[in-house]
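J.: Following is a predicted model, sequence given first.
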Amino acid sequence: MNKSRRTFIKNSTLAVAGTALLPNHLFAGEKKIERVGVQLYSVRGTMGTDPVGTLKKLYDVGYRHVEHANYIDRKFYGFEAKGFKKVLNDIDLQMPSGHTVMTAQDWDTSKGDFTDKWKYTIEDAATVGQRYVISPWLDESLRTDMDALKRFMDQMNKCGELCKAHGMKFGYHNHNFEFKTKIGDGDLYDYILTNTDPNLVAQQIDIGNMLGAGGVASDLLKKYPGRFELMHVKDEIKSDTKGNMDGYDSTILGQGVMPVKDIVKAARKIGGTSQFIIEQESYQGKDPVDCVKIDLQMMKKWGF
């Protein structure tokens, strides 16, 4: 994820996620359905100017599942939850997951409860049809304040309970800073994994974000088997462009330096992963839709 993506996330911290009401037993021992989808940040330019047309193009190149990265003022890409749900239904797309940043300010300490804004976030998530509400950020102020960090881990678990009441599951998505921030004998990512309840908080492992910071996806799958219900699938190339992620930029699957095929197969076997979401944030001069089309073809070639 590059600098512009990180800036986008920071500017979207007022945003929220969306998903349809599902039975409360959804995550209770059922065999999970495997899905391959695309993170809509991959086509952020046209999603901003022509969301319906872009979604139709994604359907035409073979996608049936998408993940949002835009929920602002109770709207997904400019649509209220019911309206965006209709857009998806009309195209025959599903949106099992979405990205919305949860901050410490979303918990009202005076009431001992979530703010109304965050409750609306979860309600809209249920309405639009998601199964997972994913928070893709951890504020810098929390990363080194151990008391505040511990409180936020408790808040994440509580959000898991809130999501569960709506038939969904809360989740966390990593970047690179989790592997740069050291805590005790491990790092911040270890801390998050050991201080969140896997029954309440899913992990969406981004295999590319961690690369330049020293994170190794295959090692994490072995260290924490069964913990990664979702994965951002991406490949990376070395880069010296301004704003890249620790010297890397994403590229078409199979054309970079990462053993993506081995990682996704290990995730399927030992990682507990059933939601594989393709994300490509840089394109080396190619059209973004063309890129994610090839990405999907590569996943199918690998047996997904």
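T.: Looks like it came in fine.
J.: For the residue located most distally from the centre of the chain, give its distance to residue 258.
T.: Here the centre of the chain is the reference, and by Cα atoms, centre = their mean the most remote residue is residue 110, at 30.2 Å. Per Cβ to Cβ, to the nearest Å, residue 110 is found 46 Å from residue 258. In this view, the C-beta of every residue, glycine as well, is placed from N, C-alpha and C.
J.: could you pull out the helices for the stretch 51-200 of the chain?
T.: 51-60, 81-91, 116-128, 146-165, 177-180, 188-195 (DSSP state H, counting those that start in this stretch).
J.: These: which one's closest to residue 224?
T.: Across those, residue 224 has its closest neighbour in helix 188-195 (5.6 Å, Cβ to Cβ).
J.: List of residues touching that closest one?
T.: 138, 143, 149-150, 153, 172, 174, 177-184, 203, 210, 215, 220, 224, 227 (Cβ atoms under 8 Å, 6 or more residues apart in numbering).
J.: are any of those buried, and which?
T.: Using 16 or more other Cβ atoms under 10 Å as the burial test, the contacts of helix 188-195 include 138, 143, 149, 153, 172, 174, 177-181, 183, 203, 210, 215, 220, 224, 227 as buried.
J.: nearest to residue 279, of the helices of the stretch 51-200 of the chain?
T.: The closest of those to residue 279 is helix 51-60. By Cβ to Cβ, the value is 13.1 Å.
J.: For residue 82, which non-adjacent residue is closest in space?
T.: With sequence-adjacent residues excluded and distances taken as Cβ to Cβ, 6 or more residues apart in numbering, residue 82 is closest to residue 127, at 6.1 Å.
J.: shouldn't residue 128 be in contact with residue 87?
T.: No - contact criterion Cβ atoms under 8 Å: residue 128 and residue 87 do not qualify, at 9.7 Å.
J.: Looking at those two now, which is surrounded by more residues?
T.: Shown here are residue 128 and residue 87; by other Cβ atoms under 10 Å, residue 128 has more neighbours (26 against 19).
J.: Tell me who's in contact with the residue nearest to residue 77 when sequence neighbours are not counted.
T.: In space, and not counting its chain neighbours, residue 77 is closest to residue 51: 4.2 Å by Cβ to Cβ, 6+ apart. Counting by Cβ under 8 Å, 6+ apart, residue 51 makes contact with 77-79, 87.
J.: go with 10 Å
T.: 40, 43, 68, 70, 76-79, 84, 87 (Cβ atoms under 10 Å, 6 or more residues apart in numbering).
J.: Write the PyMOL selection for whichever of those are buried.
T.: Filtering the contacts of residue 51 down to the buried ones (16+ other Cβ under 10 Å) takes a single PyMOL command:
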select buried, resi 40+43+68+70+76+77+79+84+87
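J.: could you redo the contacts of residue 51 as a markdown table and give each row distance to residue 303?
T.: Putting the contacts of residue 51 into a markdown table (distance: Cβ to Cβ, whole Å) gives the following:
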| residue | distance to residue 303 |
| --- | --- |
| 40 | 25 |
| 43 | 25 |
| 68 | 27 |
| 70 | 31 |
| 76 | 32 |
| 77 | 32 |
| 78 | 37 |
| 79 | 35 |
| 84 | 32 |
| 87 | 31 |
